[in-house]
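A.B. asks: show me how the following folds:
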Amino acid sequence: MIFSKQTSALVVSSCLITILNLASVAPCAAADGETKLATPQSPRRVLLLWQGPDGHKPTTHEFEAGIRLIGNMLQRHTNYQVMLSKADENWERGPELLQQADTTVLFITQGSRWIQQTPERLQLFQEYAQRGGGLVAIHWAIGAKADEYIPAFLPLLGATHGGSDRKYAFLKTEFRPAQINHPIQNGLRPLQVEDEFYYNLKQVQSSTPVVPVMESKIEGEWYMTSWAWERPDGGRSFGFSGLHYHGNWREEVYRRLIVQGILWTLKEEIPRDGVDVSINEEWLKLPVLAEN
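C.D. replies: Sure, this is the predicted structure:
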């Protein structure tokens with residue numbers, strides 16, 4: 001299945017989207033009338049959350065297009081039920097979806113504020129983490145503007161861009177694997193890239209360390225801009241502060257970083273040379289906006 005703008009958001013069903021050996025499984029009809037692929041294996045469930053436009057100009061903060069691209073890339077690696085859900089307003093299906101998920105990916109605005117929108121939602125994510133659920137956050141999903149959202153978010157993600165002293169930079173700079181051997185780094189390489197990076201991130205105080213995965217050179221210094229964290233509760237969290245610009249999905253290193261971060265939170269083995277993140281050009285296209 002291709003996750004396009006026209007694809008129904010109700011990807012959740014008892015039928016499964018299979019990534020490998022698609023021809024060997026039988027189709028089944030979902031409740032919304034689409035055909036999906038069934039497999040007898042118990043799937044790992046990946047919940048992909050996005051929000052609508054947040055006031056940034058087109059080609060930036062393109063959350064839905066980025067999430068659909070991730071969904072398309074995930075299909076080739078193993079057997080998953082990939083669940084897409086728009087996280088605006090009250091997110092009424094949240095408890096049901098999170099209960100099913102093995103890993104949840106956030107590509108939204110002010111993720112730490114969103115998770116704490118209500119006490120019930122915060123408790124939902126805390127319970128999800130306690131049972132070992134994986135958590136992935138990309139760009140503005142890794143933080144919030146207000147200081148009040150920092151304390152409860154750090155034990156979930158491990159690091160955050162948050163508070164009145166938060167730092168960010170728009171620049172073209174060097175981006176490279178950090179000086180540590182981590183499976184997410186497999187197949188990654190240094191590159192020059194233009195992006196908005198959040199940096200000088202706040203980190204959790206924990207018995208298990210937050211591990212830098214990628215770093216960016218900003219104001220003459222190297223700063224962690226992507227990380228992995230094996231939480232004390234047994235779950236895994238992964239974050240990346242870049243991807244302000246939708247066009248950066250063209251960078252193979254970016255795509256591989258995100259996909260391998262997700263697979264790592266699922267405790268999957270990452271091949272030494274990295275996973276296949278080749279894409280169809282159609283997956284990068286943004287919807288044409290209607291003129292007023």
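
A.B. asks: low pLDDT regions in the stretch 151-292 of the chain?
C.D. replies: 288-292 (pLDDT under 70).

A.B. asks: phi, psi for Val253 please.
C.D. replies: Taking degrees, to the nearest 10, you get phi -60, psi -40 for the backbone angles of Val253.

A.B. asks: now the strands for the chain?
C.D. replies: For the chain, applying DSSP state E gives strands covering 27-29, 35-37, 44-50, 80-86, 103-107, 134-138, 143-144, 159-162, 167-177, 191-199, 202-203, 210-218, 221-230, 236-240.

A.B. asks: could those strands go into CSV alongside distance to Gly274 and mean neighbour count?
C.D. replies: Placement of C-beta: from N, CA and C, glycine included. Putting the strands of the chain into CSV (distance: least, C-beta to C-beta, whole Å; neighbours: other C-beta atoms under 10 Å) gives the following:
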stretch, distance to Gly274, mean neighbour count
strand 27-29, 31, 13
strand 35-37, 26, 16
strand 44-50, 19, 24
strand 80-86, 18, 22
strand 103-107, 19, 27
strand 134-138, 17, 27
strand 143-144, 28, 26
strand 159-162, 23, 26
strand 167-177, 11, 16
strand 191-199, 14, 18
strand 202-203, 26, 17
strand 210-218, 13, 21
strand 221-230, 15, 21
strand 236-240, 15, 25
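
A.B. asks: to Thr118, which of those strands lies closest?
C.D. replies: Nearest of the strands of the chain to Thr118, taken as C-beta to C-beta: strand 143-144 at 14.8 Å.

A.B. asks: which ones are touching Trp264?
C.D. replies: 183-184, 228, 236, 238, 270 (C-beta atoms under 8 Å, 6 or more residues apart in numbering).

A.B. asks: ugh, wrong one, Glu196
C.D. replies: 139, 168-170, 242, 244-245.

A.B. asks: okay, and the beta partners of it?
C.D. replies: Counting by DSSP bridges, Glu196 is bridged to Phe170.

A.B. asks: ok, it to Leu84 distance?
C.D. replies: According to C-beta to C-beta, to the nearest Å, Glu196 and Leu84 sit 25 Å apart.

A.B. asks: can you check Gly162 too?
C.D. replies: In terms of C-beta to C-beta, Gly162 sits 26 Å off from Leu84.

A.B. asks: follow-up on the earlier one: can you redo the strands of the chain as a markdown table with distance to Thr265?
C.D. replies: Compiled in a markdown table, those are given as follows (distance: least, C-beta to C-beta, whole Å):
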| stretch | distance to Thr265 |
| --- | --- |
| strand 27-29 | 28 |
| strand 35-37 | 23 |
| strand 44-50 | 9 |
| strand 80-86 | 12 |
| strand 103-107 | 5 |
| strand 134-138 | 3 |
| strand 143-144 | 19 |
| strand 159-162 | 14 |
| strand 167-177 | 18 |
| strand 191-199 | 20 |
| strand 202-203 | 18 |
| strand 210-218 | 12 |
| strand 221-230 | 8 |
| strand 236-240 | 4 |
